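# for reference, the sequence and a predicted model appear below.
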Amino acid sequence: MPKPKIFRTITGKEISLPVFFPDATRAVLKTLDSADIESTKTQGILVNTFHLNNFPGSDVIKEHGGVRNFMSWSGAAISDSGGFQVMSLAKKFGGKNSVSDEGVKFKVPNTKKRILFTPKMSIDLQIVLQTDMVVVLDDFTDIDANSYKERETVERTIMWAKECKQIFQKAIEDQKIPPEKRPYLLGVVQGGNDPALRKECTERLVDIGFDGLGWGGWPIQDGKINFETAKIIARNSPEEYFLYGLGVGKPEDIVESVNLGWNIFDCVLPTRDARHKRLYVYNAKTIDDIDVTSKNFYSFYVPDKEVNTHDHNPISTACDCLLCTRYDRSYLRHLFQVGDMTAGRLATIHNLRFYSILMEKLKIIYQNKNV
RNA sequence: GUGGCAUUAGCUCAAUUGGUUAGAGCAUCUGCCUGUGGAGCAGAAGGUUGCCGGUUCAAGUCCGGUAUGCCACC
């Protein structure tokens, strides 16, 4: 069976793989509006169920008929379950936040509310969001987890995955959602750095049956990605499955992951780095000359350095974004110096175009490989 | 012309009654950011304390002179 080359949205769009979804956690890609996102040729975005449930709340999203209408976005959209946030919140606030088989108990940030976030809530909310891919709630295996904790999180992840699938299917039937409007359902593989546990988790999730699997957990280990885990999940997944590297990653990590069969990615790096004055720049002179399989195919450009004050060159000649086609280095430095938000906007647009060019280049390689 | 106040890092300012190696913010330079509570974090460099002399074991700090600036009064 051939690998899927198409990601179909519930609005009828077809997106070829691999694809990168930047993180619009709160239904906004920081500093950009939806027209800006379109201009970067970004195909889809990732929103977060947990955060959108807090603000503005599912009733508001429901009134709009989904998060896409809410933010006037016509591309693809995936909703994250909230599993990762639950982990980071539990870690940050500890104490009264706890994970049990029922779900996650925690205090809602910035409020006095304490709620139990369950697999059912996550799925129900994601269906309200009307995204193209729904992600099951998973129990995050911490990078420092001992083998007992690793086992526990995997068992709970599988239990919740089963529950999520049943709730998902029931919702589809109850709401009479036609097949072409049915979102994809993604299982998430946990198990930390234990290869046998990762394999087992993958197999048991495949037995339950999903449209794809996510590479869960913390992707970084001593600053490097554990590609052994990526290989194990990919090898034990059906050919037609979507393989989604959750939170992956740096450009070179995406290149390597695509090589191992992964085809969907999301990461905060391009947007966060842009706001933190780190721009991704291809070393090639033109877009045509870019070779993402070569070593060191890109560099970082730090826009607010003093040396840029009198530099009238564009940030990159191998880029066709708003920043590179209209403004020069001197002006961008000025915008960062005076602390204007436009600096963040132009830098974010640039970094997103860098990533969309990366995916366009990988698409060509990927499609040639699968002919 | 007389009196008062000021002068310390590129910039704005700290530094008990004279007492270790004169500090901080911004700017500069390095690095970091991975299913985003964060336009964030870490680190480095940067000084003949306006200049000349004096008192003292010890001076950014006290004294005399001088330069520059601000204020007040003739």
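Done, it's in. Keep in mind the model is a prediction, meaning the values are calculated, not measured.
# so which strand or helix has residue A:266?
Per DSSP states H and E: residue A:266 is located in strand A:264-267.
# contacting residues for whichever residue of the stretch 101-250 of chain A sits closest to RNA strand B?
Relative to RNA strand B, the nearest point of the stretch 101-250 of chain A is residue A:247 (2.4 Å; Cβ to the nearest atom of the strand). C-beta coordinates here come from the backbone N, C-alpha and C atoms, glycine included. Residue A:247 makes contacts with A:84, A:218, A:219, A:266, A:267, A:268, as judged by Cβ atoms under 8 Å, 6 or more residues apart in numbering.
# switch to 6 Å and redo it
A:219, A:267 (Cβ atoms under 6 Å, 6 or more residues apart in numbering).
# correct me if wrong: residue A:202 contacts residue A:238.
No: assessed by Cβ atoms under 6 Å, residue A:202 is found out of contact with residue A:238, at 10.4 Å.
# between these two, who's got more neighbours?
residue A:202 (23 against 12; other Cβ atoms under 10 Å).
# excluding its backbone neighbours, what's nearest the more buried one?
In space, and not counting its chain neighbours, residue A:202 is closest to residue A:236: 4.3 Å by Cβ to Cβ, 6 or more residues apart in numbering.
# now the phi/psi pair for that neighbour, please.
Residue A:236 adopts backbone torsions of phi -100, psi 10, taken as degrees, to the nearest 10.
# over to residue A:330?
phi -60, psi -40.
# burial measure for it, as a count.
Residue A:330 has 13 nearby residues by other Cβ under 10 Å.
# and what of the one 5 residues further on?
By the criterion of other Cβ under 10 Å, residue A:335 has 20 neighbours.
# any idea which element it lies in?
Residue A:335 is located in helix A:329-337, with elements delineated by DSSP H and E.
# read off the pLDDT value for the residue most central in space within chain A.
For chain A, the residue nearest the mean C-alpha position is residue A:266 (2.5 Å; Cα atoms, centre = their mean). pLDDT, residue A:266: 97.
# can you check residue A:320 too?
97.
# repeat for residue A:365
89.
# now do the same contact list for it.
Listed by Cβ under 6 Å, 6+ apart, the contact set of residue A:365 is empty.
# packing partners of the strand holding residue A:266?
Judged by 3 or more Cβ pairs under 6 Å, 6 or more residues apart in numbering; DSSP states H and E, strand A:264-267 is in contact with strand A:19-22, strand A:242-245.
# in TSV, list the ones you listed along with distance to residue A:139 and mean pLDDT.
Shown next, in TSV, are the helices and strands packed on strand A:264-267 (distance: least, Cβ to Cβ, whole Å; pLDDT from 0 to 100):
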stretch	distance to residue A:139	mean pLDDT
strand A:19-22	23	98
strand A:242-245	18	97
